[in-house]
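**Student:** One predicted model, sequence on top.
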Amino acid sequence: MTRFHRTTRLLKGDAWDLAPFLCVLFPLAFFLLFQNSLVRPAGSVLRLPSAGTNAPVLAPGRRFLVVAVDAGGRIYFDNRQLEASQLGPELAVRMARLPPAEAQDAVLVLEADLGITHAVVEKLGRIARMAGLREIILTGQP
């Protein structure tokens, strides 16, 4: 029977040989540090209109619900793509989960692409009002 002898020794005399450890540590550190930027998440690119100088300032203590609409008319809420018929119940469920004080001050932040028509924005506004939201803010590019 043939015996295979180990050729790498961790200790060379009294000192540790760091080469085997660093060969594992550097690639591991690279992937841990850059895991978010190596692969882009699936999604859509929004071209927001210019906000100008009279953009509203959002108060930090209020609850914001963000809905995005891309140029193709696809609606995104809570990191999911929804149909317009699904958005109303989703917003209503989210409003029901909020404490009453926060639900009264909740604001819908609508991120609408430049290619979206005013009719789509109006439709989303009606859906939000039926779900219990009183205020809607359209965002823009700073």
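**Tutor:** On my side now, so go ahead. Numbers count the residues shown, from 1 in each chain.
**Student:** what ranges do the strands span in this protein?
**Tutor:** Counting by DSSP state E, residue ranges of the strands within the chain are 11-12, 15-16, 64-69, 75-77, 80-82, 107-112, 135-138.
**Student:** So, low pLDDT: which residues of the chain?
**Tutor:** For the chain, the stretches flagged by pLDDT under 70 are 1, 6-15, 37-43, 51-58.
**Student:** Which parts of it are helices?
**Tutor:** For the chain, applying DSSP state H gives helices covering 19-33, 35-38, 84-97, 100-104, 118-130.
**Student:** May I have the first one as CSV, with CA atoms only?
**Tutor:** Taking only C-alpha atoms (Å, rounded to 0.1, in the frame of the first residue of the first chain), the coordinates of helix 19-33 have been written out as CSV:
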residue,chain,number,x,y,z
ALA,A,19,0.7,31.4,3.0
PRO,A,20,-2.0,28.7,3.3
PHE,A,21,-4.1,30.8,5.6
LEU,A,22,-3.9,33.9,3.5
CYS,A,23,-4.8,31.9,0.3
VAL,A,24,-8.1,31.2,2.0
LEU,A,25,-8.6,34.4,3.9
PHE,A,26,-8.2,36.9,0.9
PRO,A,27,-10.8,35.4,-1.4
LEU,A,28,-13.2,34.9,1.5
ALA,A,29,-12.7,38.6,2.5
PHE,A,30,-13.2,39.7,-1.1
PHE,A,31,-16.5,38.0,-1.5
LEU,A,32,-17.8,39.1,1.9
LEU,A,33,-16.9,42.7,1.3
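**Student:** for the residue most central in space within the chain, what are its contacts?
**Tutor:** Central residue of the chain (CA atoms, centre = their mean): residue 79, 6.0 Å from the mean position. For residue 79, no contacting residues are found, by CB atoms under 8 Å, 6 or more residues apart in numbering. C-betas here are computed from N, CA, C, even on glycine.
**Student:** burial measure for the residue lying closest to residue 66 once chain neighbours are set aside, as a count.
**Tutor:** For residue 66, ignoring the flanking residues on the chain, the nearest one in space by CB to CB, 6 or more residues apart in numbering is residue 109 at 4.7 Å. Here the number of neighbours of residue 109 (other CB atoms under 10 Å) works out to 15.
**Student:** repeat for the one 3 residues further on
**Tutor:** Residue neighbour count, defined by other CB under 10 Å, stands at 23 for residue 112.
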